[in-house]
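1. quick one, what's the 3D model for this:
(2 chains)
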Protein chains: 2
Amino acid sequence: MTADSTRSEKKPLPKADQACPLSRFKCVCAYDGTDFCGWQSQPNGMSIQDFIEKRLAQIFKRKIRIHGSGRTDSGVHADAQVFHFDACWKHSADTLLSALKCGYPDSLQILSVRRVPQTFHARYSAKGKRYSYKIREGHSAPKSTRYEWSIGRRKLDVKAMNSAAKLMLGTHDFTAFSANRGGGAKENPVKTLFELEAKRSGSLVKITTRGSGYMYKMVRMIVGALVEIGLGKLSEGDIEDMLSAKARCSGKFQAAPAKGLTLEKVYYSIRH
Amino acid sequence: MTADSTRSEKKPLPKADQACPLSRFKCVCAYDGTDFCGWQSQPNGMSIQDFIEKRLAQIFKRKIRIHGSGRTDSGVHADAQVFHFDACWKHSADTLLSALKCGYPDSLQILSVRRVPQTFHARYSAKGKRYSYKIREGHSAPKSTRYEWSIGRRKLDVKAMNSAAKLMLGTHDFTAFSANRGGGAKENPVKTLFELEAKRSGSLVKITTRGSGYMYKMVRMIVGALVEIGLGKLSEGDIEDMLSAKARCSGKFQAAPAKGLTLEKVYYSIRH
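-> Numbers count the residues shown, from 1 in each chain, chains lettered A, B, ... in the order given. Below you'll find the model as predicted:
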């Protein structure tokens, strides 16, 4: 996968004026995470952040750092990831969008660019996020295999999954449903889930969750636990025990694979 | 893209018995054509036929030639492509399916294997085929970009497209809607279309066609012409002229890109 650099080079760029006042821009982008090395900048330059920053450097003739609402792992998709950056740009945000949306592989798309107050921060202003996760009983069709976790011949008890999911709603210490990212400051493990529901449509089971925030791998850990519930290998009592233990319990369940996960929406206050 | 050869090597294969009588097997497979070099065998071994024949050679310890219902170009997808082959196999067809479905990239899947009479031929017994083609007004979302033709800001007049499509229904010489494959015998250009319809769903326009057979690139040429109709650049009169000309008319329209096209079904008589 390589960016279509010829496309971007052909298009004349509006001039970035270094003398104009600094503006903050809120951007929304979508991606198929399959071919990227996750959101966060990587030495090989193959992360989503790398592709966008490379394009910004072409436009502004200098390094511009972008700040995402959070990282997504390699293979995780986004319908509407949010990021912000500061830049001197005296033209309209729409003109910037036209410049910024070119020069990527088809699997990355910039959807919108908007000027926002300096008080806006893609990560710290976020009120919550919605994710969906797709699980396929049987084999995924070739066109869906990048977007679903295929669990083979096993069948899920969706009713049991939803009963267990209700126990996780509300505010809890979700340490049992997180993984160690390694490095960095310890994150507050207390999060609030407003929605956590599994819905069946034929052989597809889709889990949707809306929450105040998520720790590293938390959605995939929750999905992994709910699948074990659906297979009858974990009970509601196990979920209650894990929530009250407030500690990681290795071996009871695994994080669901990245490819089934999509970041659908990041919520901000009405001001942003 | 590489086949997951470890998966196939781990699985012990039922023994192929060369002494048992020859059976003909009808197989159905699905693929995301993006990463393959089309259906037909290629020197680089990256066609769908190559992957399947490689797996058959592992099972039967000799070269087995497969015969598809027709070729699909690089980038064209299939929900249910049909092929057949002859082999000596004394076990059930289900056992053969279990062996045959392993060892491919996720983008290729064998759906079924069935013993059929020797009179069956995947290509010559076919009574017709159904294809669909997806056109997106605006930009395709990253997850759909492999499966849609994005026509940017242009809008399609679907009513006009369907009026023109009606002119193509029935039996015609479709030479004007075919491309030169180069080499090989000239195919009969007279084909019958039973269905050709465009349906809008939001910004997606899906064209479905069911016909007795199609020449090289014929579906994509028909879609290309219908899009020109939808954009007001060709008229119904142009379609009538091209059908009666029975000759290629270069420059009036182009074949639609491969990636929007999916072979949905191959029809056979009730005996097969």
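2. specify the local secondary structure of residue A:135.
-> The local conformation at residue A:135, judged by DSSP: H, G, I helix; E, B strand; the rest coil, is strand.
3. ok, now residue A:191?
-> strand.
4. what sits against it?
-> By CB atoms under 8 Å, 6 or more residues apart in numbering or on different chains, residue A:191 lies in contact with A:171-172, A:174, A:211-215, A:218. (Glycine included, C-beta is placed from N, CA and C.)
5. among these, the buried ones, what's the PyMOL command?
-> With 16 or more other CB atoms under 10 Å in any protein chain shown as the burial test, the buried ones among the contacts of residue A:191 are selected in PyMOL as follows:
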select buried, chain A and resi 172+174+211+213+214+215+218
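6. from the contacts of residue A:191, which land in helices?
-> With helices defined by DSSP state H, the entries of those inside them are residue A:218.
7. could I get the contacts of residue A:191 as TSV with distance to residue A:72 and pLDDT?
-> Rendered in TSV, the data for these read as follows (distance: CB to CB, whole Å; pLDDT from 0 to 100):
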residue	distance to residue A:72	pLDDT
A:171	24	96
A:172	23	96
A:174	18	96
A:211	15	96
A:212	18	94
A:213	14	93
A:214	11	95
A:215	14	93
A:218	12	96
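8. so which of the contacts of residue A:191 comes closest to residue B:54?
-> Distances from those to residue B:54 were compared by CB to CB; the smallest belongs to residue A:218, at 41.3 Å.
9. if I look at the closest one, how far off is residue B:262?
-> Using CB to CB, to the nearest Å, residue A:218 is found at 36 Å from residue B:262.
10. again with residue A:91
-> For residue A:91, the distance to residue B:262 equals 41 Å [CB to CB].
11. looking at the two, which one has more neighbours?
-> residue B:262 (26 against 14; other CB atoms under 10 Å in any protein chain shown).
12. how about the nearest residue to that one, chain neighbours excluded?
-> The spatial neighbour of residue B:262 that comes closest, neighbours along the chain excluded (CB to CB, 6 or more residues apart in numbering or on different chains), is residue B:77 at 4.4 Å.
13. helix, strand, or coil at residue A:243?
-> Three-state assignment for residue A:243 (three-state DSSP): helix.
14. quick check: beta-bridge partners of the closest residue to it other than its chain neighbours?
-> Distances taken as CB to CB, 6+ apart put residue A:172 closest to residue A:243, at 5.1 Å, once the chain neighbours are dropped. Residues in a beta bridge with residue A:172, per DSSP bridges, are residue A:191.
15. could you check how far residue A:172 is from chain B?
-> When CB to the nearest CB, to the nearest Å is applied, the distance between residue A:172 and chain B equals 32 Å.
16. how about residue A:142?
-> Between residue A:142 and chain B the distance, using CB to the nearest CB, works out to 4 Å.
17. any idea how far residue B:53 is from that residue?
-> Residue A:142 is 18 Å from residue B:53, by CB to CB.
18. which of these two has more neighbours?
-> Between residue A:142 and residue B:53, residue A:142 has the larger neighbour count (other CB under 10 Å), namely 23 against 19.
19. so the more buried one, which of the three states?
-> Bear in mind the rule, three-state DSSP; under it residue A:142 is coil.
20. and the residue nearest to it when sequence neighbours are not counted, what is it in contact with?
-> Among residues not flanking residue A:142 along the chain, residue B:32 sits closest, at 4.2 Å (CB to CB, 6+ apart). Residue B:32 makes contacts with A:142-143, A:145, B:77, B:107-108, B:146, as judged by CB under 8 Å, 6+ apart.
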